[in-house]
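J.: A predicted structure for the sequence below; I have some questions about it.
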Amino acid sequence: MSHHIVEFRDVYYSYPDGTAALNGLTLKITHGESVGIVGANGSGKSTFLMHTNGYLLPQSGGITVGDFPLNRETRQEIRKKVGLIFQNPDDQLFMPTVYDDVAFGPLNLGLSPEVAAGRVEEALRTVGGLALRDKPPHHLSGGEKSAVAIAAVIAMRPDILVMDEPASSLDPRARRYLIGLLNDFEHTKIIASHDLDLILDVCERCIVIKNGRVTADGPAAVILSDRDLLEENHLELPLSMQGRRPGKPGGTMNDIEKLHHLIDHWIEHNVEHAQSYQEWSKKADSAGRPELASILREIADRTEGMNELFRRAAEACR
Ligand SMILES: Nc1ncnc2c1ncn2[C@@H]1O[C@H](COP(=O)(O)OP(=O)(O)OP(=O)(O)O)[C@@H](O)[C@H]1O
Ligand SMILES: [Mg+2]
């Protein structure tokens, strides 16, 4: 899987009882993006996520994941790359012990029991769940089940991590820990949640789904500061944004406030871009291309120089 692209083209899906859950969903997510999926209850978020690894297959339209069109034949292969954590961990945990549940994926990938054991230990340690390894999953608390469900997926080391309401049963400390864990995961992330503060902390892009199609798509800082858009979709401004709210309660955010969020977003990207130019400059150097390396270094330096300007612009917005 070279690009880890997830592309949906005009995807329709109705459940057997006739409920139309996806109604022409079209979107494209590229490698390394972290994308929040938000929307009212029943808007189609979980149905969308269950299509990303072929758990559900579209009734019309097309899906591409990485280098493959997703279909009945390719979905086994695609599942090795796309780790889907279900909204309800009970849908995911079915083995007699936590250990067996977390080992299930790695063993299915064809890893030896010894290598799988290493993966289990590492994944359980990552979610702070080592002490749970011998317990039956149905004896765990809701938050512990969520942690184990996350471990079961990260043990497979997916290229694309897809999570449906990952924080809903976590206590504040576990939630904070999860946010750190997600921020450390360097591949593509797609996260559906009503916890808009989590989305804001973890995702740079946010897609709003309404009646099974995309109704808005843009930088998370912009989408999640648009009070009218959020209200139309039964959502509220993230708490962290409510603190910055200007004017009367109930008023819409003015353009300068919006610009302020945008600038914060641009700064983050500028820092990331500068790092990536530096990395590519080193790669060009080791590939024996000193001239290219030096140009890229200069681009990186000038890009870094922009950080200060962005900071001043953010300051001037206050
Ligand atoms: N198994 C099912 N059978 C029939 N209809 C279903 C089924 N699962 C979901 N639906 C319906 O499909 C639509 C989309 O549901 P979905 O679970 O994707 O929404 P969601 O955006 O994830 O909602 P939530 O925020 O509550 O998690 C809803 O109208 C729901 O009632
Ligand atoms: Mg859902």
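T.: Perfect, I can see it now. Ligands and ions are numbered 1, 2, ... in the order given.
J.: Which element is encountered next along the chain beyond the lowest-mean-pLDDT helix or strand in the chain?
T.: Every helix and strand of the chain was ranked by mean pLDDT, DSSP states H and E. The lowest is helix 239-242, at a mean of 82. Note on helix 239-242: by DSSP states H and E, the next helix or strand toward the C-terminus is helix 255-286.
J.: Give me the buried positions along that next one.
T.: Neighbour-count burial for helix 255-286 flags 257-263, 265-267, 270, 273-274, 277-278, 280-281, 284 (criterion: 16 or more other C-beta atoms under 10 Å). For glycine as for every other residue, the C-beta is placed from the backbone atoms N, C-alpha and C.
J.: All the helices of the chain, residue numbers only.
T.: 45-52, 75-81, 98-108, 113-126, 142-154, 172-184, 196-202, 220-223, 227-232, 239-242, 255-286, 290-317 (DSSP state H).
J.: nearest to ligand 2, of those helices?
T.: Smallest distance to ligand 2 across those (C-beta to the ion): 3.2 Å, for helix 45-52.
J.: Name the residues that touch the closest one?
T.: Under the contact criterion C-beta atoms under 8 Å, 6 or more residues apart in numbering, helix 45-52 has outside partners 6, 8, 11, 13, 21-22, 25, 37-39, 56-58, 63, 65, 70, 82, 84, 87, 160, 162-164, 190, 192, 209, 212.
J.: Kindly recompute the last result at 6 Å.
T.: The contact list for helix 45-52 (C-beta atoms under 6 Å, 6 or more residues apart in numbering) reads 6, 21-22, 37, 39, 56, 82, 87, 162, 164, 192, 209.
J.: Please apply the same query to stretch 110-126.
T.: 99, 102-103, 106-107, 130, 133, 151, 154-155.
J.: By pLDDT, give me the weakest of the contacts of helix 45-52.
T.: pLDDT across the contacts of helix 45-52 is at its lowest for Gln87, which sits at 89.
J.: doesn't Glu165 make contact with that residue?
T.: Yes: Gln87 is within contact range of Glu165, at 4.8 Å (criterion: C-beta atoms under 6 Å).
J.: Near ligand 2, which residues of the stretch 51-200 of the chain are found?
T.: Gln87 (C-beta under 5 Å from the ion).
J.: For this protein, give me the ranges with low pLDDT.
T.: Across the chain, the ranges flagged by pLDDT under 70 are 1-4, 243-254.
J.: related to what we said a few turns ago, please identify which pair of the contacts of helix 45-52 lies farthest apart.
T.: Farthest apart among the contacts of helix 45-52 by C-beta to C-beta are Gly39 and Val82. That separation is 20.6 Å.
J.: Among the two, which residue is more densely surrounded?
T.: Using other C-beta atoms under 10 Å, the more surrounded residue of Gly39 and Val82 is Val82, with 27 against 23.
J.: Let me know how buried the nearest residue to that one once chain neighbours are set aside is, in neighbour terms.
T.: Leaving aside its sequence neighbours, Val82 sits nearest to Asn53 (C-beta to C-beta, 6 or more residues apart in numbering; 4.1 Å). Counted with other C-beta under 10 Å, the neighbours of Asn53 add up to 21.
J.: roughly how far apart are Asn53 and Ile85?
T.: 11 Å (C-beta to C-beta, to the nearest Å).
J.: tell me, what's touching these two both at once?
T.: Joint contacts of Asn53 and Ile85 (C-beta under 6 Å, 6+ apart) do not exist.
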